[in-house]
Every structure is written in C-alpha cells, then in structure tokens.
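Asks: Here is a sequence with its predicted model. Questions after.
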Amino acid sequence: MSNPRPRGLPKYLHVADYLRAQIDDGTYLPGERLPTEPELMDTFPYDRATIRRGLAVLRNEGLITSEQGRGVFVRDATKTRYDLMSMLITDPSHPAKPDAAYHQPPRGPDDGISVEHSYEVIAAGEKLGEAFDLDPRSEPLSTTFTFFISGDTAEYRTTAYIPYPLVVDTPLATPTEDWPQPPIKDLLATVGVKVTTVAMDIESRMPTPQETFDLQIPDGTPVLSDRRRFLADDRVVCVTDSVGVADRIVYGLDLKLQ
C-alpha cells in the first residue's frame with residue numbers, strides 16, 4: 001500500500017483518511033462505487049470490522065452512501081450557489097439558478113426539479129408568536145414547498161407563514177401549486193400590504209429528525225437554515241423558514257462597490 005499508516009493513527013481512521021483523499025482528488029467521482037470490503041481488506045492489512053468502522057466515519061461525514069445489495073458509493077454533493085442579494089430583493093424562496101463556477105446546468109420546473117406543495121392554517125405557538133409579536137394562539141397560514149432533484153432526492157424546503165386575517169377571503173388564502181411563485185412581497189402587495197424591510201438570519205446546524213426524514217439527509221450532514229421576516233413599516237407580515245442540505249448549498253453575496 002502506497003499510503004502507510006502514520007504513527008499513532010488508529011487503523012479505522014487510516015482507512016477513512018485514505019479513502020477521503022481519493023474522493024477529494026477525484027480517484028472516485030460522485031456516484032462511483034468504492035471498493036468492496038474484501039477488496040479493501042486486500043488493500044489494508046486490517047480486519048472487516050476495522051474496514052467497516054472506517055467506512056462509517058465517511059458515511060457520518062456525508063461523503064458516502066450505502067445501497068443494499070449494490071455497495072458503497074460516493075455521494076453526489078454538487079453545490080448550488082444562492083445569491084443573497086437577489087434572494088432578498090426578489091425573494092424567490094426556492095433554489096435559484098446556480099453560479100457558473102459550480103458547473104451545474106440551470107435548474108427549474110422544466111430541468112430536473114420537481115416540487116411538492118402543501119398549505120394549512122396552524123396555531124402559531126410560542127416561536128412563531130414571538131417572531132410575529134402575536135398571541136401564540138393566533139393562526140397563520142402555512143405554505144410549504146419542497147424541492148426534489150431528479151424526482152426523488154430532496155434538496156430544499158421553504159415554508160411561509162402569513163397571519164390569516166391578512167389574506168382571508170383573498171386568493172392568497174388558497175395558494176396555487178404553480179411554480180415559480182411571484183415574490184412574497186409582490187403577493188402581499190396584491191392584498192394591499194407593502195413590504196418595507198426584509199431581515200434574514202442564516203445558521204448552520206444539525207437537522208431535526210423530521211428534516212432528516214423529509215430531506216433524506218445522510219448521517220452527519222448539517223443543514224443551512226434561514227429565517228426571513230418581512231415587515232410593513234414596523235409590523236411583521238410574513239415569516240419564511242427555509243432549510244437545505246448544507247453540502248449542496250453555498251450562500252453568496254455579490255456587491256458592486258462605488
């Protein structure tokens with residue numbers, strides 16, 4: 001083996017480091033199958049339990065995925081870049097066209113993305129009540145879009161909450177499933193609400209169990225979540241919560257300097 005184990009490095013981490021380096025340098029590309037456990041045992045003078053423990057490290061890092069009866073494959077983690085400025089100005093609330101540097105084709109309803117949509121009136125609860133500065137017993141309208149790549153792999157989910165009294169008896173009370181949707185601020189303008197400020201907070205964190213299930217997130221993979229608060233003067237008129245798989249997302253900011 002051309003990569004001897006450094007002194008003091010546990011055997012299973014040696015396996016993980018060696019395979020990780022081969023994934024990083026392109027020896028194994030996204031979607032390609034890694035050597036089988038017996039093949040790895042021929043490469044490393046270690047037993048099967050050690051090989052499996054090394055693979056588990058990479059699986060927990062989100063680098064590989066196992067398919068029953070087929071083997072272990074390099075996970076495709078091609079990134080999409082979302083421009084923060086355009087997100088805040090136009091508020092598409094869905095995967096924007098990526099930056100060319102990430103070598104992805106343009107993506108939208110007609111090129112590889114499918115969308116699931118649901119809406120319901122819910123109880124605000126403490127967290128949303130605090131975000132809106134409303135009674136937790138108030139009932140906002142909740143509208144959720146989940147985006148899937150190639151029809152089955154979820155990448156991104158966004159939910160918009162609007163106080164129901166603002167939209168009752170308007171078309172916004174029964175959102176259309178059509179996509180792309182008009183920007184949130186434009187939708188609110190149709191019911192006489194002018195958005196004057198958008199505040200956005202982004203954080204990296206581990207997914208909740210529900211997010212792990214909904215977005216099919218591999219073990220050890222964090223998410224990027226953002227909350228946007230839309231204000232009409234000093235009144236919060238909409239809150240959006242979005243979450244995406246962190247190793248598929250880059251948030252960027254392009255500013256023209258005078």
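Replies: Cool, got the structure.
Asks: Next, the spatially closest residue to residue 75 that is not a sequence neighbour: secondary structure please.
Replies: Of all residues not flanking residue 75 in the chain, residue 65 sits nearest, at 4.9 Å (Cβ to Cβ, 6 or more residues apart in numbering). C-beta: built from backbone N, CA, C; applies to glycine. With DSSP: H, G, I helix; E, B strand; the rest coil as the basis, residue 65 sits in strand.
Asks: Who does residue 65 form a beta bridge with?
Replies: Taking DSSP bridges as the rule, residue 65 bridges to residue 73.
Asks: Now do it against residue 51, distance only.
Replies: Taking Cβ to Cβ, to the nearest Å as the measure, residue 65 falls 17 Å from residue 51.
Asks: who touches the residue nearest to residue 75 in this structure?
Replies: For residue 65, the contacting residues are 59, 72, 73, 75, 218, by Cβ atoms under 8 Å, 6 or more residues apart in numbering.
Asks: what number of residues lie near the fourth one?
Replies: As a burial measure, the neighbour count of residue 75 was computed by other Cβ atoms under 10 Å and equals 18.
Asks: could you give me the average pLDDT of stretch 8-28?
Replies: Average pLDDT, stretch 8-28: 91.
Asks: which residues touch that stretch?
Replies: With contacts defined as Cβ under 8 Å, 6+ apart, stretch 8-28 is touched by 3, 5-6, 34, 40, 44, 46, 50-51, 53-55, 57-58, 61, 63-64, 74.
Asks: quick one, strands of this protein?
Replies: Secondary structure of the chain by DSSP state E: the strands cover 64-67, 71-74, 80-83, 113-121, 140-149, 153-163, 197-205, 223-232, 235-245, 249-252.
Asks: Mind giving me the packing neighbours of the third one?
Replies: Contact partners of strand 80-83 among helices and strands, from 3 or more Cβ pairs under 8 Å, 6 or more residues apart in numbering; DSSP states H and E: strand 249-252.
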